[in-house]
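*Asks:* with the input below, show me the fold.
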Amino acid sequence: MTTELEKTERELSPKELAFCEFYTALGSDTCGNGTASAKQAGYSQPHNAAWKMLQRPVIRAEIRRIHGQNMDRHIINPERILYELE
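*Replies:* This is a model prediction of the structure:
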């Protein structure tokens, strides 16, 4: 049985994956900005491309996956602080 992540990676082109990375890049001008993300990913009509991509469930799933990874890396708790100090 194919996992959702394997299905997502197989269905997205390198340009679509780049869009997702730019869209979820914390602290950048492209974070949460579909048009800017599409432009950085190399789309010739970024506004249209962003709108179309954000309608696709597989793109939204990839954005959620990356966003979750970003949040996991930025969560600070006592265990993480102790681990980092070791």
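
*Asks:* downstream of the worst-scoring helix or strand of the chain on mean pLDDT, the next helix or strand is which one?
*Replies:* The helix or strand of the chain with the lowest confidence, counting by mean pLDDT, DSSP states H and E, is helix 4-11 at a mean of 58. Sequence order places helix 14-23 as the next helix or strand after helix 4-11, per DSSP states H and E.

*Asks:* quick one: distance of that following helix to the chain centre.
*Replies:* Chain-centre distance of helix 14-23: 7 Å, with Cα atoms, centre = their mean, to the nearest Å.

*Asks:* over to stretch 55-71?
*Replies:* Stretch 55-71 sits 5 Å away from the centroid of its parent chain (Cα atoms, centre = their mean).

*Asks:* buried sites along it?
*Replies:* Under the neighbour-count criterion of 16 or more other Cβ atoms under 10 Å, stretch 55-71 has 58-59, 61-63, 65-67 buried. C-beta: built from backbone N, CA, C; applies to glycine.
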